[in-house]
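In: Give the three-dimensional model of this entry:
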Amino acid sequence: MVAFGKKLKDRQIQEWQGYYINYKLMKKRVRQYAQQIEQGTQDRRHVLKDFSRMLDNQIETIVLFLLEQQGLLASRIAKLGEVHNNLQEEPEINKITELREAYRAVGQDLLNLLYFVEINAIGLRKILKKFDKRFGYRFTDYYVKTRANHPYSQLQQVFKHVGLGAVVGALSRNLHELQDRQGSYLSIYDQPSLPLQDPVVDLINAAVDRLSNSTNFLNFMAQHALIMHDELPTPSEEHVDDERYHFMSLLLNLANTFLYMINTYIIVPTADDYSTSLGAAPTVCGIVIGAMAVAQVFSSVYFSAWSNKSYFRPLVFSSIALFIGNIFYACAYDIHSIWILLIGRLFCGLGSARAVNRRYISDCVPLKIRMQASAGFVSASALGMACGPALAGILQTNFKIYNLTFNQNTLPGWVMAIAWMVYLVWLWISFKEPSHDVEENQTPNQSNDAAENGALEKGLKQPLLITSDDKVDEDNDQDYDDSEEAPEESRLPANSIGEAYRLLTPSVKVQLLIYFMLKYVMEILLSESSVVTTYYFNWTTSTVAIFLACLGLTVLPVNIVVGSYISNMFEDRQILLTSEIMVCIGVLLSFHVIIPYTVLQYVCSGLLLFVSAEVLEGVNLSLLSRVMSSRLSRGTYNGGLLSTEAGTIARVIADATITLAGFLGQSSLLNVTLLPSLIISVFSIMATCYTYNSLY
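Out: Residues are numbered from 1 along each chain as shown. Presented below is the predicted three-dimensional model:
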């Protein structure tokens, strides 16, 4: 990975050198401020004023040059427009070709100007973030709020790029009119759906997409996936992305995610009945449900390593393992063996290919649609989680074919076995293995710099408020000279879990603890729901299935509200702490104390707990992506794997807790399992307060 200062220098156009953000100077100035404050020769208020003035001057230089270049481009387009009008009266093929090439030359210069805006905007984000980290002060918030709509501020010009949009529109229209329209009496506005097939315009549109890449909702959804994105990709990198991209393969990748989540939760409403029918206690459902998570702890590692070489073969193995696991799960009823049931669930866990699903999107989906693909990954997971219990509620029948029993306990296994067989055939026919040779031949400058992930988000405010696209690279916050690359060892991925753990800072450990907590409390709620509701309310399997499906269906609406509104009104850390407190309140309200336990209490507390945990997950992963070392953004032992392992281990412990608590009797199950949830949630709140109070 190349330091941002080095990348900034390499990407500069020599003639424009004096107009780029002076990132190197500003980094040195931040170091000087820190030394002066430590020595007591400078006070904080003077530092803030001086740094603000420096930023204002830098932005004004950028904007004035931007306006000058826009004017030059507009003037060139206007002159070419006169030639264009004359050619419409007396068309000549040679002159039309020359005019088209002249427009394309303007397009190349426009593309350079878009790159100029992009790299300066990223530089502003990074230096603001470096200042915040160095001084423990929310300077970014102050600077954006005071400059966002002020009449004297030029900040909007950098991020709104309205004038550039007009130039793009004029250039595209003229090129479109010159494209195979000789002799046509139709205006281009009469057929607005016809695309303009021109490589220059395609590159311009891709650059514009990066400047205003996504909506708040897509960005918030994509954060859940913890999928890394490249910042400032070169045209050759975008070409590589297009070569590796295959829509049907992406669809199959998302289908694997969807089916796996269905497979995980389809047994939850019936796991206690199935355990009882095999002679075990109802609370053994905890082990039955958790067996899949136990195997996933190991499968996540080997699938992550396997995806370095192939995507097709891991997905084939995943489908076969899940097919076998579901057959075992379904046959356990007629064999009357709890061990066959557990082996079936272990096989299902060995087929967990979520590491491959994430990696495929990160490596093989073009940057311009990667945010949408990431949001699709999260949506597929959420819908699978909702469809699993709902499908279990539908499978309420009982019949036999030969010696095989088909009832509410075994049908989830049979249905999922058929689904995975159909998926395997579809995968075999339609999946296209992307070329790994292309990836191996890339230069270091073309590597996946996930620590500087993502493009500029839309609008003015979000880019500077540092979203998940700003993986904490910041040259690893080490003050290397910007003219040199960072030391080689600072760019290498971790080679083991132990090395990855040593790279975790205290703030990262807190974020992983929060992730562990929310997965633990959610697993307790979901896995014991059937046992608890049967004991207290005599709910049927269908009722439990409806309840769980309704919980799953809240995921997308909640993310829409948080991603589109709440995240714009409050800081991520405020949402994080509030969500943790709400989870804790949800756990407290779930306890059965002196008063009779009612359906209203259970449903309301469960809904509060689940929704708060979902909000917490999105915000937590957003913050996690910012504080994680850039070395954990790639390789086998990456940040996505660590977060997956933390969540999976939490599920394993939660399911084991349910089974162990069952030895105390069903009357004690609810309170005994909620007690660890309460302790962990309180501890996570304390850790969050301590960590962020020490930082700010």
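In: Neighbours of residue 607, how many?
Out: 16 (other CB atoms under 10 Å). (C-beta placed from N, C-alpha, C; glycine too.)
In: For it, give its distance to residue 73.
Out: 55 Å (CB to CB, to the nearest Å).
In: which element follows the lowest-mean-pLDDT helix or strand in the chain toward the C-terminus?
Out: Ranked by mean pLDDT, DSSP states H and E, the weakest helix or strand in the chain is helix 461-464, scoring a mean of 36. Using DSSP states H and E, the next helix or strand after helix 461-464 towards the C-terminus is helix 497-502.
In: as a whole number, average confidence for that next one?
Out: Helix 497-502 shows a mean pLDDT of 74.
In: Just the buried residues of it, please?
Out: For helix 497-502, the neighbour count (16 or more other CB atoms under 10 Å) marks residue 500 as buried.
In: and after it, which helix or strand comes next?
Out: With DSSP H and E, the next secondary element past helix 497-502 is helix 506-527.
In: Could I get the full set of helices for the stretch 551-696 of the chain?
Out: 555-561, 567-569, 572-590, 599-627, 639-661, 666-695 (DSSP state H, counting those that start in this stretch).
In: Select from those helices the stretch with the lowest mean pLDDT.
Out: Minimum mean pLDDT among the helices of the stretch 551-696 of the chain: helix 567-569, a mean of 68.
In: for the stretch 301-450 of the chain, what spans make up the strands?
Out: With DSSP state E, counting those that start in this stretch as the criterion, the stretch 301-450 of the chain has strands at 399-401, 404-406.
In: most packed of those?
Out: Most buried of these, by mean neighbour count (mean count of other CB atoms under 10 Å): strand 404-406, with a mean of 16.
In: okay, how far is it across stretch 278-292, tip to tip?
Out: 19 Å (CA to CA, to the nearest Å).
In: Using CSV, list the CA coordinates for stretch 259-274.
Out: What follows is stretch 259-274 as a C-alpha-only set of coordinates in CSV (Å, rounded to 0.1, in the frame of the first residue of the first chain):
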residue,chain,number,x,y,z
LEU,A,259,-29.9,-19.4,1.2
TYR,A,260,-27.3,-19.7,4.0
MET,A,261,-29.2,-17.3,6.2
ILE,A,262,-32.4,-19.2,5.5
ASN,A,263,-30.6,-22.4,6.4
THR,A,264,-29.4,-20.9,9.7
TYR,A,265,-32.8,-19.7,11.0
ILE,A,266,-35.3,-22.1,9.4
ILE,A,267,-34.8,-24.6,12.2
VAL,A,268,-35.2,-22.1,15.1
PRO,A,269,-39.0,-22.5,15.5
THR,A,270,-38.8,-26.3,15.6
ALA,A,271,-35.4,-27.1,17.1
ASP,A,272,-36.9,-27.7,20.6
ASP,A,273,-39.6,-30.1,19.3
TYR,A,274,-37.1,-31.9,17.2
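In: Residue 378: how many residues sit nearby?
Out: 25.
In: and what of the one 10 residues further on?
Out: Each residue near residue 388 was counted by other CB under 10 Å, and the total is 27.
In: Tell me the pLDDT of the nearest residue to residue 292 once chain neighbours are set aside.
Out: Nearest in space to residue 292, with sequence neighbours left out and distances taken as CB to CB, 6 or more residues apart in numbering, is residue 349 at 3.9 Å. What the model reports for residue 349 is a pLDDT of 92.
In: Ok, residue 101 next?
Out: With respect to pLDDT, residue 101 scores 83.
In: name the helices or strands packed onto the helix or strand harbouring it?
Out: Take DSSP H and E as the rule and residue 101 turns out to sit in helix 93-135. Counting by 3 or more CB pairs under 8 Å, 6 or more residues apart in numbering; DSSP states H and E, the packing neighbours recorded for helix 93-135 are helix 4-11, helix 23-39, helix 44-89, helix 139-147, helix 155-160, helix 162-178, helix 199-211, helix 461-464.
In: between those helices, which gets the lowest average pLDDT?
Out: helix 461-464 has the lowest average pLDDT among the helices and strands packed on helix 93-135, namely a mean of 36.
In: which residue of the chain sits farthest from its center?
Out: residue 90 (54.4 Å; CA atoms, centre = their mean).
In: how far away is it from residue 624?
Out: Residue 90 is 64 Å from residue 624, by CB to CB.
In: And residue 678, by the same measure?
Out: Applying CB to CB to residue 678 and residue 624 gives a distance of 23 Å.
In: These two: who's more crowded?
Out: residue 624 (26 against 17).
In: circling back: and the helices of the stretch 551-696 of the chain: which comes nearest residue 497?
Out: helix 639-661 (8.0 Å; CB to CB).
In: what packs against that closest one?
Out: Using 3+ CB pairs under 8 Å, 6+ apart: helix 639-661 touches helix 285-306, helix 354-364, helix 506-527, helix 599-627, helix 666-695.
In: ok, and for it, which residues are buried?
Out: 639-655, 657-659, 661.
In: about what we covered before: quick one, what contacts the residue nearest to residue 292?
Out: Residue 349 sits next to 291, 292, 293, 294, 295, 296, 299, 325 when contact means CB atoms under 8 Å, 6 or more residues apart in numbering.
In: Which residues does stretch 260-269 contact?
Out: By CB under 8 Å, 6+ apart, stretch 260-269 touches 274, 288-289, 292, 318, 322, 326, 329, 345, 348, 351-354, 380-385, 387-389, 391-393, 412, 415-416, 419-420, 526-527, 529-530, 541, 544-545, 548, 552.
In: should've said stretch 290-301
Out: So stretch 290-301 is contacted by 263-264, 342, 345-355, 497, 527, 636, 641, 644-645, 648-649, 651-652, 654-656, 658-659 (CB under 8 Å, 6+ apart).
In: With stretch 30-46 instead?
Out: Under CB under 8 Å, 6+ apart, the answer for stretch 30-46 is 47, 50, 51, 127, 130, 131, 134, 135, 137, 479.
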